[in-house]
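A.B. asks: How does the following fold in three dimensions:
(chains A and B)
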Number of protein chains: 2
Amino acid sequence: MKHNKEAVGVTRDQTIPNQTATTPRRGPPSISIERLIDRLTVLSQITATPGEGITRLAFSPEDKRGRELFITWLTSSDLSVREDQAGNIFGRAPGKDPGAAPMLLGSHLDTVPQGGAHDGALGCIAALEVLTVMSEAHLVPACPVDVVVWADEEGCRFGGGFLGSQIFTHTFPAESLARTDGEGVSYADALQSWGLDPLRVETSGTRTRGYLELHIEQGPTLERLGIPVGIVQGIVGMVGLELHLEGRAGHAGTTPMDARSDPLLAAAEIALACEAMAQVAGNDTVATVGTLRVEPGASNVIPGACDLSVDIRSGSEAGLQQAERGIRDAIDDVMQRRRIRGRVNETLRLPPIRLAPRMQDALSHACSRAGVPIHRMHSGAGHDAMILAHVTEAGMLFVRCRGGVSHNPAEYAAPEDIRTGTQILLDAVIQLTDAAPAL
Amino acid sequence: MKHNKEAVGVTRDQTIPNQTATTPRRGPPSISIERLIDRLTVLSQITATPGEGITRLAFSPEDKRGRELFITWLTSSDLSVREDQAGNIFGRAPGKDPGAAPMLLGSHLDTVPQGGAHDGALGCIAALEVLTVMSEAHLVPACPVDVVVWADEEGCRFGGGFLGSQIFTHTFPAESLARTDGEGVSYADALQSWGLDPLRVETSGTRTRGYLELHIEQGPTLERLGIPVGIVQGIVGMVGLELHLEGRAGHAGTTPMDARSDPLLAAAEIALACEAMAQVAGNDTVATVGTLRVEPGASNVIPGACDLSVDIRSGSEAGLQQAERGIRDAIDDVMQRRRIRGRVNETLRLPPIRLAPRMQDALSHACSRAGVPIHRMHSGAGHDAMILAHVTEAGMLFVRCRGGVSHNPAEYAAPEDIRTGTQILLDAVIQLTDAAPAL
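C.D. replies: Numbers count the residues shown, from 1 in each chain, chains lettered A, B, ... in the order given. Next up is the predicted model:
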């Protein structure tokens, strides 16, 4: 394998400003950005296709290679490693009270096809860095702390996503095990081929003291604000719709404008209504038409049918409802006005999730101590933290990423921002676990 | 081959009202609708795929089968048959002056894939019926009259269309012979395999007294007006554009509305502008977005690029120009406003064609004599008559078709309307050729 650093978006050799000068004397110990970037680089390179990003599809040989590497790091950091029947990996640092409910820190190692180096992997490696530095500084937490790698967060192979965290929190619908990938392999088969059986997972997330996840933002907001990190208040709620619109195909030259029932023009009005309704609902509400297919699709034929998707998200239930209502009204209106038949199927409905105030406060104190502006924000994307929030106090810290680009070989976060984020995560974990010097 | 009448859209056994009662005493002789429908049915059935319409792609074995059948009919009607080097078939009735420039009547026998029974074939069979009835009634035209079958009108195999009539009129670009079909066979090869060589065609259309074509309307206008036939004044002009729009793909959840450059929303505005500008240009101006493709095309990804086609048609040059200008202004405006890069390519530019007033007048007189309302209209589709109009006086008569449906197995024209149209064609031919009883 070629060691092509450009290809994986990680700059190991970049000069990183010495941070000792700016760390307050009474703050937490310093993380090693060199070690962290080195791990990120090695992980990326062993699963990279130079120029085409990084592909570690869940339960693939590449995923296995990445996991095995990560387990060697856990072991070499004196963490005790355990893998559950869903494929989630836990690396535990014992606390003063080994029987206490553990604090969890983590993210995921699987990627989308041709993804970037940071999505998921950064959160796992930052969590490991936190426990490594605490151990080196002889800081012992009151409770056990686990670095967690959630299995199959992306859901690219079997659909859905968040499978490991859903099984851990007992929120996974068992029938989803019958889902198959593009080659007809079921999720149950894939797990079994790795010796796993998710129906035998016993650990329930309810026995958890809390969960913290560091992740790149995957959006442009922090970059636009010029702030290195953001404290996630909640994950947006989502409504997904699939529309099938049927009009009447016809000859583009022989059918007068007033004799047409053109489903593409209906779709055009609906797409523009999505934009307008998201703007009316305000704040962080967004609505997107990402797919649109036209039948029969010839330049001289008026379309006869049109399929499109509508994706609506908002940090507030009220915003979500307002946008959805406005969009549905627009769909009804345009279908009637243009004599379009069809159907609207709901494909997804997730309420907004609020992350725990205690986690936000710990991150906020850490930001203050590090001299970083406190910026609270919603996550527009789903994360394992949203699943964990069903059973425990969950929190997230976003790290600025360049251009908001993610799920893409060009995905990039600056080492300085990664250091800032990991340092704040370390501070928050010390607070939340009452970590103190070993006697 | 199954004889499935439903499949080919022809109702041979349907009861047809006796028309003798309504024919004026001093009008032309009566055509035989039974013979005409019988021929239409047989031709359809020998090339039909039951339930999937009729496929006679140009220069295919099915096309050959249809042409050979048609030639047997020409021969049995005592017409002298000739095939030119482009594959056009001529069946001649001699006139009083055999050396005079001939009048041409015809259409085409090739079809689109899974097309209907009437598009093209009806015009050829109606032309043959006209000459057959004239012969039976001992009406001799002043000049020779040819039934013509133009080769490859549809252009489905090699693109372009109107190949036979273009070669006949010397308007065919010779470089088009290099065009290939889906299997890599060139147009030149296909012709050669039939023993043809279009570069050796000698007959020029300039030696023609005029051209008349009967064709189904392929649009809904006559049905909406409740009129069986329409006199074509001209063929609409056309402008074809292909647009490539590039914005910035992004995560549908993490990119605020005001940070987006969504090419699909630009395309939506452009499609609606096409509709509005065609309506503003008025009359018979139409504009259609028939194709639209979105990249990358995932429900949770803001589109990054969008390709679409724009097809503009109008019977008047002024209408065409007004609509095109309005649409191009809208494209410029929306691309600037939404920060979209891209390009607009012109794929087609054809001026409107006026058909000959003398042909329109002859058809108009015939309509009056038959007691049929005179309705003049533009053709929104291209026809061989538009090619012939470059070199001779050309005219067309449209026959109402059900729902305006064509290029489809459901294509249908009522026998009563076919009779009316063919009767009017006969009357017009008698006028135009000064046909008179043989002494």
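A.B. asks: List of residues touching stretch A:189-201?
C.D. replies: Contact with stretch A:189-201 is made by A:58-59, A:64, A:84-87, A:157-158, A:163, A:167-168, A:172, A:174, A:177, A:181, as judged by C-beta atoms under 8 Å, 6 or more residues apart in numbering or on different chains. For the C-beta atoms, the positions are set from N, CA and C on the backbone; glycine is no exception.
A.B. asks: and the least confident of these?
C.D. replies: Among these, A:A174 has the lowest pLDDT, at 77.
A.B. asks: Once you drop chain neighbours, what's closest to that residue?
C.D. replies: A:L199 (6.7 Å; C-beta to C-beta, 6 or more residues apart in numbering or on different chains).
A.B. asks: any idea how far that neighbour lies from A:Q85?
C.D. replies: Using C-beta to C-beta, to the nearest Å, A:L199 is found at 8 Å from A:Q85.
A.B. asks: The two: who's more crowded?
C.D. replies: A:Q85 (17 against 12; other C-beta atoms under 10 Å in any protein chain shown).
A.B. asks: quick one on the thing from earlier: now for the contacts of stretch A:189-201, which sits with the most neighbours around it?
C.D. replies: Neighbour max across the contacts of stretch A:189-201 (other C-beta under 10 Å) = A:L163, 31 neighbours.
A.B. asks: Chain neighbours aside, what residue packs nearest to that residue?
C.D. replies: With C-beta to C-beta, 6+ apart, the residue lying closest to A:L163 is A:D152, at 4.1 Å.
A.B. asks: In three-state terms, label that neighbour for me.
C.D. replies: At A:D152 the chain is in coil, as set by DSSP: H, G, I helix; E, B strand; the rest coil.
A.B. asks: Quick check, central residue of chain A?
C.D. replies: For chain A, the residue lying nearest the average C-alpha position, counting by C-alpha atoms, centre = their mean, turns out to be A:H383 (3.8 Å).
A.B. asks: Next one: that one from B:G253, what distance?
C.D. replies: Counting by C-beta to C-beta - A:H383 and B:G253 are separated by 11 Å.
A.B. asks: A:A188 now?
C.D. replies: Between A:A188 and B:G253 the computed distance is 29 Å (C-beta to C-beta).
A.B. asks: who's more crowded, these two?
C.D. replies: Set side by side, A:A188 and B:G253 show more neighbours around B:G253, with 24 against 19, by other C-beta under 10 Å.
A.B. asks: For that one, which residues are in contact?
C.D. replies: So B:G253 contacts A:219, A:236, A:238, A:286, A:311, A:313, A:379-382, B:300 (C-beta under 8 Å, 6+ apart).
A.B. asks: Could you find the closest non-adjacent residue to it?
C.D. replies: A:G380 (3.2 Å).
A.B. asks: does A:D434 really touch A:L139, like I thought?
C.D. replies: No: assessed by C-beta atoms under 8 Å, A:D434 is found out of contact with A:L139, at 10.2 Å.
A.B. asks: Between those two, which is the more surrounded one?
C.D. replies: A:L139 (20 against 12).
A.B. asks: quick one: contacts of the strand or helix carrying A:L104?
C.D. replies: Per DSSP states H and E, A:L104 falls inside strand A:103-108. Contacts to strand A:103-108, defined as C-beta under 8 Å, 6+ apart, come from residues A:120-124, A:127, A:130-131, A:141, A:143-154, A:164, A:208-215, A:383-384, A:388, A:392, A:425, A:429, A:432-433.
A.B. asks: at 7 Å instead, please
C.D. replies: The contact list for strand A:103-108 (C-beta atoms under 7 Å, 6 or more residues apart in numbering or on different chains) reads A:120, A:123-124, A:127, A:130, A:141, A:143, A:145-150, A:153, A:208-215, A:384, A:429, A:432-433.
A.B. asks: Then stretch A:272-287?
C.D. replies: So stretch A:272-287 is contacted by A:236, A:288-289, A:310-315, A:319, A:322-323, A:326-327, A:330, A:378, A:380, B:252-253, B:256-257, B:265, B:268-269 (C-beta under 7 Å, 6+ apart).
A.B. asks: and those residues, which of them are in strands?
C.D. replies: Those of the contacts of stretch A:272-287 mapping onto strands are A:288, A:310-314, A:378, per DSSP state E.
A.B. asks: picking up where we left off before, for the residue nearest to the centre of chain A, give me its contacts.
C.D. replies: Contacts of A:H383 (C-beta under 7 Å, 6+ apart): A:213, A:215, A:235, A:396.
A.B. asks: what about the third one, how many neighbours?
C.D. replies: It stands for A:I235. Neighbours of A:I235 (other C-beta under 10 Å): 27.
A.B. asks: Next: the first one.
C.D. replies: By other C-beta under 10 Å, the residues close to A:E213 number 31.
A.B. asks: touching chain B at all, stretch A:352-370?
C.D. replies: No: judged by C-beta under 7 Å from any C-beta of the partner chain, stretch A:352-370 stays clear of chain B, getting no closer than 11.8 Å.
A.B. asks: could I have that stretch exported to CSV, CA atoms only?
C.D. replies: Taking Å, rounded to 0.1, in the frame of the first residue of the first chain, the C-alpha atoms of stretch A:352-370 are listed here in CSV:
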residue,chain,number,x,y,z
PRO,A,352,-35.3,16.0,17.9
ILE,A,353,-33.1,14.7,20.6
ARG,A,354,-31.8,17.0,23.4
LEU,A,355,-28.4,16.2,24.7
ALA,A,356,-27.8,16.2,28.5
PRO,A,357,-27.3,19.7,30.1
ARG,A,358,-24.7,18.1,32.5
MET,A,359,-22.6,17.1,29.5
GLN,A,360,-23.0,20.5,27.9
ASP,A,361,-22.0,22.2,31.1
ALA,A,362,-18.9,20.1,31.5
LEU,A,363,-17.8,20.9,27.9
SER,A,364,-18.7,24.5,28.4
HIS,A,365,-16.5,24.8,31.5
ALA,A,366,-13.7,23.1,29.6
CYS,A,367,-14.1,25.6,26.7
SER,A,368,-13.9,28.5,29.2
ARG,A,369,-10.8,27.0,30.8
ALA,A,370,-9.2,26.6,27.3
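A.B. asks: For it, which outside residues touch it?
C.D. replies: Here stretch A:352-370 has contacts from A:24, A:27, A:210, A:212, A:229, A:231-237, A:314-317, A:320, A:374, A:376, A:385-386, A:389, A:393-397, A:420, A:423-424, A:427-428, A:431-432, using C-beta under 7 Å, 6+ apart.
A.B. asks: Could you list which of these belong to strands?
C.D. replies: A:210, A:212, A:229, A:231-235, A:237, A:314, A:376, A:394-397.
A.B. asks: Kindly give a single PyMOL line that selects the buried subset of those residues.
C.D. replies: Applying 16 or more other C-beta atoms under 10 Å in any protein chain shown to the ones in strands among the contacts of stretch A:352-370, the buried members can be selected in PyMOL as follows:
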select buried, chain A and resi 210+212+229+231+232+233+234+235+237+314+394+395+396+397
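A.B. asks: so which of the ones in strands among the contacts of stretch A:352-370 would you say is closest to chain B?
C.D. replies: A:I235 (9.0 Å; C-beta to the nearest C-beta).
A.B. asks: Quick one: residues contacting the closest one.
C.D. replies: A:352-353, A:378-379, A:382-383, A:386.
A.B. asks: any idea how far the residue nearest to the centre of chain A is from chain B?
C.D. replies: Distance, A:H383 to chain B, by C-beta to the nearest C-beta, to the nearest Å: 11 Å.
A.B. asks: And that residue, how far from B:D307?
C.D. replies: Taking C-beta to C-beta, one finds A:H383 at 34 Å from B:D307.
A.B. asks: Which residue ranges of the stretch 1-150 of chain A form helices?
C.D. replies: With DSSP state H, counting those that start in this stretch as the criterion, the stretch 1-150 of chain A has helices at A:5-8, A:33-46, A:61-76, A:121-136.
A.B. asks: right, and A:G421 touches A:V399 too?
C.D. replies: Yes: under the criterion of C-beta atoms under 7 Å, A:G421 makes contact with A:V399 at 4.1 Å.
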